[in-house]
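Asks: Structure, please.
(one chain, ligands or ions: 1)
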Amino acid sequence: MKYEAVIGLEVHTQVRTRSKMFCSCPNRFGAEPNTLVCPVCMGYPGVLPVPNRQAIRQTVVAGLLTNCQIARFSKFDRKSYFYPDMPKNYQISQYDLPFCEHGYVEIGGKGFSGADLPAKKIGITRIHLEEDVAKLNHFPGASGVDYNRAGVPLMETVSEPDMRTPDEAYAYLTALKEIMQYGDISDCDMEKGQMRCDVNISLREAGTEKFGTKIEIKNLNSFRAVHRALEYEIWRQAELLDAGKTLQQETRGWNDDHGETYLMRTKEQAHDYRYFPDPDLMPFVFPAEEIDAIRAQLPELPAAMRERFVRDYELTSYDAEVLTQDRRTAAYFDRAAQLLKTPKLAANWITSELLRELSNAQQHIETCRIAPEQLAALITLIENKTINGKIGKEVFAEMFATGKDPKAIVDAKGLVQLSDAGAVAALVDQAIAANPAQVAQYQAGNPKVLQFFVGQVMKLSKGKANPQLVVELLQQKL
Ligand SMILES: [Zn+2]
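Replies: Numbers count the residues shown, from 1 in each chain. Predicted coordinates for the structure are as follows:
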C-alpha cells in the first residue's frame, strides 16, 4: 500500500445514572416525547444546574480503567451554539480541564475480519463529561424536538490518532465498549444511541511522518459502519491523491445504504464555540484519597478475566472469549466455577445449554431462573454419578422452567442413576433374552450391535442406568 491511514476516534457514551446530569429528571430511554423534562433540561432562563455526583464518579472510573490521569482540579465550560436541540444556546461541556487525560486502551486478539491483530496501545487524549442534547425527529413537512434526551450525562472519549487500519479502529471500539460495560458505566446500546462515534482519518505516504489532510466522518451508528466508512474513505482519498488532487479539510456523513460518505461541510463553515467557564458551576477539586478509594473498587476488566479463566479454570481461550463477551455471563460462570472440581464443565453447560435456552426464551442471564449455585449442584450430581448426563439434561430443562433445585427434581422423580450391578445385570439379561437375532449378529463379529443393546437396556431402565456399567455388563454377557 502506497499510503498509510491515520485514524482517531471520538466516542460519545451516555452514562447510566438514575437522573440527568444537571437536574433530577429520570435518565431513561423510550418514554413518550417530552415527558422526562423540567425547566433545567429545557433550558429555561434563571434556572441553576446541579451536577450529578454519580456521573462524575463514573467518568473517573472510565478514566482509571483506561489508564488516564485524573484531574485534581477540573471545571465545566459553556460551549456556545445555536440549534433547536439545545434551547439555552450553549451546551455544558468541558474545555481545557477535562476530568481524565493521557490514558490508553490495549487492543489485540481477533480483528474484525477474524485475523489476529498484534497487541498495541491506543492513546486516549482525554475523557470529558457533558450533557446530551435533545433529539430531533423529522416528519414530512415538520420536525419535532424530544427533550427527554437533553441533559443526559454524556462522556466523550477522544483517542490519539494511533490507529492505522479499519480493523484497529474496530478493535479499539470493541475494547472501549467492554470497558464501559464492565465498569458499569454504560450499557452501550448503539440502537438506543447510548454509544455514538465520529471518526477522523487522513492519509499520508507510507514511511512519512507528517499528517495528511484530516477528514471527519460523523454519526456512525455501528462499529460495522465505522469499519465500512473507513475502508471507503481510504479508497476515496487514495484515488484523489493518486490523481494529483489536494484534499480539503471537511466533515462528511455516512450513507449506510449506499455504502459511501458524502460532504456535509467544509472547514470554512467550522464553528467557533467560544468556550468559557460556566459561572453557575463551581470547579471541582478531587483529593487524592477520593481517587484512591475509587481505584480500590475498580472491577476486573475482560482481558484480565479471560487470562484468569484460562489459567485458573483451564478453559480454552475460545471459551473464555465467549463467556466474557457479557459481564453478567462472566460473573455467572465465575460463581459456578468456584463451586466445582472441574470448572470447565460449567463453561460447557453455559456456552451450550444455558445460552441456547436463554436465547430461545429471549431471556437474559440476569433473569435466568437457574442460579449459578444450582447449575454447579446439577453438574456435581453428574460428576459424582448420582445421575447420568442424559438425565442431567432433563433435569436442566425442568430447572430452567421452574427454578427448582436439581436435587429436589431428582428425588421427586426418582431419577437417581441405577448403579447397582445386580439390578442392571437383570436388565441386561432381559434385553439379551428378548433379542436373539441381534445376539447372533454380535457373536458373528458385528460390534456395532452393542450400541443397540445399550439402547435397549437404557430404555428398560427408563434412562436411569449407569451407561458405563451397562456397556461393561453387556460385553461380559454377550
Ligand atoms: Zn430536567
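
Asks: Chain neighbours aside, what residue packs nearest to Ala55?
Replies: Spatially, and ignoring its direct neighbours in sequence, Ala55 is nearest to Pro153 (3.7 Å; C-beta to C-beta, 6 or more residues apart in numbering). (Glycine included, C-beta is placed from N, CA and C.)

Asks: ok, now Ile179?
Replies: In space, and not counting its chain neighbours, Ile179 is closest to Leu65: 4.9 Å by C-beta to C-beta, 6+ apart.

Asks: Pretty sure Tyr262 sits against Asn255.
Replies: Yes: the criterion here is C-beta atoms under 8 Å, and Tyr262 meets it with Asn255 at 6.0 Å.

Asks: who has more neighbours, those two?
Replies: Set Tyr262 next to Asn255 and count neighbours by other C-beta atoms under 10 Å: Asn255 wins out with 13 against 10.

Asks: distance of that one from Glu101?
Replies: 35 Å (C-beta to C-beta, to the nearest Å).

Asks: Which residues of this protein lie near the ion?
Replies: Neighbours of the ion within the chain, by C-beta under 5 Å from the ion: Cys23, Cys25, Cys38, Val40, Cys41.

Asks: Of the residues you listed, select the buried ones using a PyMOL command.
Replies: Selection command for PyMOL covering only the buried members of the residues of the chain next to the ion, criterion 16 or more other C-beta atoms under 10 Å:
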select buried, resi 23+25+40+41
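
Asks: Am I right that Trp104 is in a helix?
Replies: One thing to correct before we go on: residue 104 is Tyr, not Trp. No: according to DSSP: H, G, I helix; E, B strand; the rest coil, Tyr104 belongs to no helix; its state is strand.

Asks: ok, it touching Lys121?
Replies: Yes: Tyr104 is in contact with Lys121 according to C-beta under 8 Å; the separation is 4.4 Å.

Asks: Mean confidence (pLDDT) on the longest strand along the chain, please.
Replies: In the chain, assigned by DSSP state E, the strand with the most residues is strand 116-131. Per-residue pLDDT values over strand 116-131 give a mean of 94.

Asks: list the buried ones in that strand?
Replies: Leu117, Lys120, Ile122, Gly123, Ile124, Thr125, Arg126, Ile127, His128, Leu129, Glu130, Glu131.

Asks: Show me where the stretch 101-250 of the chain has its strands.
Replies: Remark: strands assigned in the stretch 101-250 of the chain by DSSP state E, counting those that start in this stretch are 116-131, 135-139, 142-146, 153-159, 195-205, 215-220, 250-255.

Asks: C-terminal to the helix or strand containing Lys79, what's the next element?
Replies: In the assignment (DSSP states H and E), Lys79 maps to strand 77-80. Next along the chain after strand 77-80, taking DSSP H and E as the criterion, comes strand 90-93.

Asks: so what secondary structure elements neighbour that following strand?
Replies: The contact analysis (3 or more C-beta pairs under 8 Å, 6 or more residues apart in numbering; DSSP states H and E) places strand 90-93 against strand 77-80, strand 116-131.

Asks: So which elements touch the first one?
Replies: Think strand 77-80. Strand 77-80 sits against strand 90-93, strand 276-277, with contacts defined as 3+ C-beta pairs under 8 Å, 6+ apart.

Asks: And the longest one, by the same measure?
Replies: Helices and strands touching strand 116-131, as assessed by 3+ C-beta pairs under 8 Å, 6+ apart, comprise helix 53-65, strand 90-93, strand 100-110, strand 153-159, helix 166-182.

Asks: thinking again about what came up before, what strands flank the strand holding Lys79, and is each parallel or antiparallel?
Replies: Partners of strand 77-80 in the sheet, by DSSP bridges, are strand 90-93 (antiparallel), strand 276-277 (antiparallel).

Asks: Buried deepest among those, which one?
Replies: Counting by mean count of other C-beta atoms under 10 Å, strand 90-93 has the highest mean neighbour count of these, with a mean of 20.

Asks: which residues in the stretch 301-450 of the chain form helices?
Replies: 302-313, 317-323, 327-338, 343-349, 355-360, 372-383, 389-402, 406-413, 421-434, 436-443, 449-460 (DSSP state H, counting those that start in this stretch).

Asks: Now Glu101: closest residue in space, sequence neighbours ignored.
Replies: The shortest distance from Glu101 to any non-neighbouring residue, by C-beta to C-beta, 6+ apart, is to Arg126 (4.8 Å).

Asks: What residues does the one you found make contact with?
Replies: Cys68, Pro98, Cys100, Glu101, Thr157, Val158 (C-beta atoms under 8 Å, 6 or more residues apart in numbering).
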